[in-house]
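K.L.:
Predicted model and sequence below, questions to follow.
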Amino acid sequence: MTMISLPLLYSLIAVALLFDLLNGLHDAANSIATIVSTRVLSPKFAVLWAAFFNFIAFMVFGLSVANTVGSGIIDPKIVDPAVIFGALMGAIIWNVLTWIVGIPSSSSHALIGGLVGAGSVKAGFSAVVWGGLLKTAAGIVSSPALGFALALFLSLGVSWFFIRSTPWAVDKYFRYLQFVSASFYSLGHGGNDAQKTMGIIAVLLYSQGQLEGGFHVPFWVVISCQAAMGLGTLFGGWRIVHTMGSKITRLSPQQGFCAETGGAITLFLATHFGVPVSTTHTITGAIIGVGAARRVSAVRWNVAKDIVMAWVVTMPAAALIGAAVCALTKYFG
């Protein structure tokens with residue numbers, strides 16, 4: 001096991017927190033796209049709202065996702081600084097590329113892909129914990145599917161319940177309810193996404209003998225990651241907000257509420273079971289669900305198809321980048 005100096009260790013932790021900040025920036029759209037597109041909140045106040053609930057998520061959820069990422073994707077015994085650096089750079093480079101072009105890809109699966117790619121360079125495919133990786137891969141399919149189904153049925157149920165109400169009354173009612181649904185979705189986002197970086201930092205500390213009593217996530221790591229996530233959300237991701245909030249389908253406050261609620265339930269369940277799902281996949285599936293509840297043609301399926309293609313290539317692309325960075329680090333190190 002390669003031991004490094006404390007300054008270099010702190011530098012790697014800083015890179016991990018940079019990824020967390022970029023994750024918040026990249027995925028800010030997931031929390032606020034619907035509430036902005038329905039004009040319930042301006043972008044300025046929406047990011048403040050989302051950042052607050054992203055930060056306090058550690059008070060609601062446990063650390064099962066962090067434990068999955070830290071010890072359930074690759075064998076923590078083979079982890080060294082080069083593996084962590086390769087994983088983080090694979091995710092960061094892919095996030096920046098997709099953010100520039102406005103594609104809502106998954107920061108979560110980019111990190112998982114980078115970790116698998118870098119770990120495979122270090123110790124081959126035997127380093128991969130296939131049970132945890134397959135559970136994560138299953139989330140690629142299950143989280144948008146569940147978000148789609150929940151949002152679809154919520155939308156149909158709400159439409160039936162308010163069938164005798166005027167459109168103006170329904171719109172006014174759900175403008176208030178969207179504050180609640182956006183809060184829950186932001187909680188789910190902060191609870192699932194920030195934990196992935198916690199797992200990365202914790203396994204790095206474990207590999208350097210900095211954790212006493214076995215693998216665990218120190219509280220200062222929890223607070224640091226939640227703060228970085230919240231700060232990134234404050235910076236926003238306006239390119240992706242436009243894609244998520246208007247290009248896929250047009251949303252009313254009622255539909256925004258159903259999409260956020262369906263997405264939040266999905267994230268709460270995934271976090272409870274320790275599955276590191278993509279918040280991007282989840283909210284996209286939910287938005288498509290409410291659009292399809294109105295009519296199938298209301299969804300711009302060509303945009304949805306491009307987003308799905310980005311999902312498919314994210315993990316292998318980040319794995320290749322992570323593997324290359326890890327190999328270069330070892331060669332020049």
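P.N.:
Yes, it's here.

K.L.:
just how off-centre is the top helix by length along the chain within its chain?
P.N.:
Counting residues, the longest helix found in the chain (DSSP state H) is helix 167-207. Put simply, helix 167-207 sits 9 Å off its chain's centre (Cα atoms, centre = their mean, to the nearest Å).

K.L.:
for stretch 113-127, same thing?
P.N.:
Chain-centre distance of stretch 113-127: 22 Å, with Cα atoms, centre = their mean.

K.L.:
How about stretch 211-228?
P.N.:
19 Å.

K.L.:
what about that stretch, start to end distance?
P.N.:
One end of stretch 211-228 sits 22 Å from the other (Cα to Cα, to the nearest Å).

K.L.:
residues of it that come out buried?
P.N.:
Neighbour counts over stretch 211-228 (16 or more other Cβ atoms under 10 Å) mark L211, H216, V217, V221, V222, S224, C225, Q226, A227, A228 as buried. Any C-beta I mention is one placed from the backbone N, CA and C, and that applies to glycine too.

K.L.:
Any regions of the stretch 51-200 of the chain where pLDDT drops low?
P.N.:
Counting by pLDDT under 70, the ranges of the stretch 51-200 of the chain that qualify are 104.

K.L.:
before we move on, back to that, could you point out the helix or strand that follows the longest helix of the chain?
P.N.:
Using DSSP states H and E, the helix or strand that follows helix 167-207 towards the C-terminus is helix 219-235.

K.L.:
Helix 167-207 and that next one, what's the angle between them?
P.N.:
140 degrees (axes from the mean of the first three to the mean of the last three Cα atoms, to 10 degrees).

K.L.:
Quick check: which helices or strands does helix 219-235 pack against?
P.N.:
helix 6-26, helix 28-37, helix 43-55, helix 167-207 (3 or more Cβ pairs under 8 Å, 6 or more residues apart in numbering; DSSP states H and E).

K.L.:
Reformat the buried residues of stretch 211-228 as TSV; add pLDDT and distance to L6.
P.N.:
Output for the buried residues of stretch 211-228, formatted as TSV (pLDDT from 0 to 100; distance: Cβ to Cβ, whole Å):
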residue	pLDDT	distance to L6
L211	88	15
H216	89	20
V217	92	20
V221	96	16
V222	95	21
S224	96	16
C225	94	20
Q226	93	24
A227	93	22
A228	92	20
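
K.L.:
Can you tell me which of those residues comes closest to K135?
P.N.:
Proximity of the buried residues of stretch 211-228 to K135 (Cβ to Cβ) peaks at V217, which lies at 18.9 Å.

K.L.:
Contacts only, for that closest one.
P.N.:
By Cβ atoms under 8 Å, 6 or more residues apart in numbering, the contact list for V217 reads L63, A66, N67, G70, M198, G199, I201, A202.

K.L.:
Right, I'll call it a day here.
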